[in-house]
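> take this sequence and fold it.
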Amino acid sequence: MIIDTDVGGDPDDAVAVVVAALNVPELALVITSDEYGGERARLVRYLLDLTGRQDVRVVAGSDLGNSRLYIVDGLFPSEVPKQDGDLVSAVAAVCASTRGRIRWVGMGPLSNLAYLQSERPDLVERMVVTQMGGAIEYRDPARAEHNFRVDPEAAIRLLPALEPGLPTLVVSDVTFNTAMEITAASPIYQRWAVPDAPPWATILKAHCDRWMERYPCTMQHDGSRWRPRCSGRASGSPGSVSCSTRSDG
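Residues are numbered from 1 along each chain as shown. Purely as a prediction, here's the structure:
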């Protein structure tokens, strides 16, 4: 499995990375997107180390020049090293390690996958893509969903290329759901706050505290992908939709 994440803003990404690290042994690579000078990748490296996953490689991916959604300054040690940025070779190494398909779990903008498509489309053909992004009826009709809005050119360029592989889009209509919110009163938050909580839990609590200085809760948009689900096309389930792009309007 490869995770592509813009961790460091809304805590949902950090929660999802920890959940995957603790529960998905085949996790092999985490790539950061919408980078902030390599700091998102350093945070991922720290979280993986705290969960005992030193075996998982981290690569600092696309940097789109944004800084608005980075709120974790000082939450991890300054000595955590910068991570390398060789996206293509890292993905190629994962693909070379197995004959099967590779799960790509996208939690941020599609910039990294679009870059891979332009440089090594053969690698993208190996991917089974699940992407949090897009919306059917976004809650703010004046703008697009965040992951598509941050790099719309990547989304426009990539989705038609992905169509033959039937990617699964986990849309905002599903993930913006109070059933998946974490507040200071949530049992999981309370467990992170106990004195003997593991170090990774302490980081998640601190991350949530910073977020909740601005917003009342954190919606687990990216944590939703760890719940079992079927494709909306196959089952009629509202949990996800298979992507189909058309040129006939």
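> in terms of pLDDT, where does the residue nearest the centre of the chain sit?
Nearest residue to the geometric centre of the chain (Cα atoms, centre = their mean): M107, 2.3 Å. Per-residue pLDDT puts M107 at 94.
> now do I31
Residue-level confidence at I31 comes out at 98, pLDDT.
> what does C230 give?
29.
> then the one 4 residues further on?
Turning to A234, the model gives it a pLDDT of 26.
> repeat that for the one 3 residues further on.
According to the predicted model, the pLDDT of S237 comes to 33.
> then the one 3 residues further on?
Turning to S240, the model gives it a pLDDT of 37.
> do T183 as well
T183 carries a pLDDT value of 95.
> please renumber so the chain begins at 16
Right, with 16 as the first residue, what we last looked at is T198.
> mind listing what it touches?
Each residue near T198 by Cβ atoms under 8 Å, 6 or more residues apart in numbering is listed here: 204, 227, 231-232. Quick note: C-beta positions are derived from backbone N, CA and C, even for glycine.
> need the max-distance pair from these.
Within the contacts of T198, two members stand farthest from each other by Cβ to Cβ: Y204 and P231, at 12.5 Å.
> which one's more surrounded, these two?
The residue with more neighbours, out of Y204 and P231, is Y204; 19 against 9, by other Cβ atoms under 10 Å.
> contacting residues for the residue lying closest to the more buried one once chain neighbours are set aside?
Once flanking residues are discounted, Y204 sits nearest to I197: 5.6 Å by Cβ to Cβ, 6 or more residues apart in numbering. Taking Cβ under 8 Å, 6+ apart as the criterion, I197 is in contact with 26, 30, 203-204, 223, 232-233, 235.
> quick one, phi/psi of I197?
Here is the backbone geometry of I197 (degrees, to the nearest 10): phi -120, psi 130.
> so what's it bridging to?
Beta bridges link I197 to T233, judged by DSSP bridges.
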